[in-house]
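A.B. asks: I would like to see how this sequence folds:
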Amino acid sequence: MPSSPTGQPPVHRPHAVWNDVTVIGGGQAGLAMGQALQTTGLTFQILEAHSRVGDAWRQRYDSLVLFTSARRSALPGLPFPGDPERYPTKDEVADYLEGYAQQFALPVHFNMPVTQVRPVAGGFELQTPHGLQFTRTVVVASGPFQTPHVPPFASQLSPEVVQLHSSAYRNPAQLPPGRVMVVGGGNSGAQIAVELTRTHQVSVALGHAPFTLPQRVLGRDLFDVLERLKLLNVPSASRLGRFLRARDPVIGTSLRAEARASRVRLLRRVIKAEGRQLYTDRGEAHLVDAVVWATGFRPDSAWLPPEITDSQGRPQHLEGVSPLPGLMFLGLSWQRSRASALLGGVGNDAAVLAGQLVDVCAKESEVPSAAGSADSAAPCSPRPNRL
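C.D. replies: Numbers count the residues shown, from 1 in each chain. The predicted model follows:
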């Protein structure tokens, strides 16, 4: 009889429908995973929380442009349209992903957020708003599944101060005229700050001086240079990979250059709020009319089995393979290399995982099923996927 990773006995589900693989998330990682699975013959489905492929990109700030060229922003099997050296907008990325799903006739099911993943006998049970789904293996391709983080002291600001997390920022019109502080200087924070300089008085509070790289080096795309230097695919677990992970750069936007041109004012780390003022770690008070919190995200993994996350809720994995047999991740930052979370690199990781999923099914086929058990799923094995 197949046993659950938790040791729980089978639950009687006379009408359970099992897929070999369920991919959670229909963004670039989920679509790349689907395309790779088509070559294996395993049956699979892709569950997408939004109502349309690409909506996660459409909902980001209006001026967002990729820092990778179109040539480096394509998924396997379909070039990104237009000039390969241009830098696509977020809406162009969304439309490309939607076209990709159509091109490969990928089985994406919309409005299907997964709210719980639970190991059961023979596979996994997935809770969705439309009922339970049952699957032999799972690939979590929904990104780093994080929630926006705003420091607790933000609640001490006056209601007169407009506050937005960078994930809710769309354009300068959302903010009142006057003094805006962007808290955080990563890629999103830096790009938003530069955009706001056209309409507002902008200051940027930094926890540390950002490591910045230009988008082009001597006329060449930065990622061409990184590839030439063999840095783009450095394994994440290597000594060099660990060094680079700790210094993930801001690409193409220099806040120091903006400060030298008197377009932004760079401040120390913000640690306190009171009324309409924010205070730095040196006790300096700064009056604000609005704040954009580019303070990152925190893990939100309560919906995943606890044995695959650490005490901080971060996923535990080795190059995408979790400690729980049959559950894998795709699209995480530095999953296997610097390219893992990039549009042009996630396909390589997807191909590796597809091969591992075939191996999982091959091992499962060696386990005898419970004769006559209504809940026992027949072992998965390569066969044509019927859409």
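A.B. asks: So, low pLDDT: which residues of the stretch 1-150 of the chain?
C.D. replies: Applying pLDDT under 70 to the stretch 1-150 of the chain flags residues 1-17, 144-145.
A.B. asks: just checking, what's the longest helix in this protein?
C.D. replies: Assignment by DSSP state H gives helix 346-364 as the longest helix of the chain.
A.B. asks: Now do it: distance to the chain's middle.
C.D. replies: Remark: helix 346-364 is offset 20 Å from the chain centroid, using Cα atoms, centre = their mean, to the nearest Å.
A.B. asks: which helices and strands sit right next to it?
C.D. replies: strand 18-24, helix 28-38, strand 131-140, strand 327-329 (3 or more Cβ pairs under 8 Å, 6 or more residues apart in numbering; DSSP states H and E). No exception for glycine: its C-beta is placed from N, CA and C like everyone else's.
A.B. asks: List the buried residues in that helix.
C.D. replies: By neighbour count on 16 or more other Cβ atoms under 10 Å, the buried set for helix 346-364 is 346-354, 357-358, 360-361, 364.
A.B. asks: any chance of the helices and strands packed on helix 346-364 in CSV, with distance to R198 and mean neighbour count too?
C.D. replies: Formatted as CSV, the helices and strands packed on helix 346-364 follow (distance: least, Cβ to Cβ, whole Å; neighbours: other Cβ atoms under 10 Å):
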stretch, distance to R198, mean neighbour count
strand 18-24, 39, 26
helix 28-38, 30, 27
strand 131-140, 39, 23
strand 327-329, 39, 27
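A.B. asks: wait, which of the ones you listed is closest to V93?
C.D. replies: Checking these against V93 by Cβ to Cβ gives helix 28-38 as the closest, at 8.1 Å.
A.B. asks: residue ranges of the helices in the stretch 151-300 of the chain, please?
C.D. replies: Here the stretch 151-300 of the chain has its helices, by DSSP state H, counting those that start in this stretch, at 187-196, 222-228, 239-245, 255-260.
A.B. asks: Can you name every helix or strand that the second one contacts?
C.D. replies: What it means is helix 222-228. Going by 3+ Cβ pairs under 8 Å, 6+ apart, helix 222-228 lies up against no helix or strand.
A.B. asks: Could you tell me how far that helix lies from the centre of the chain?
C.D. replies: In terms of Cα atoms, centre = their mean, the centre of helix 222-228 is set 23 Å apart from its chain centre.
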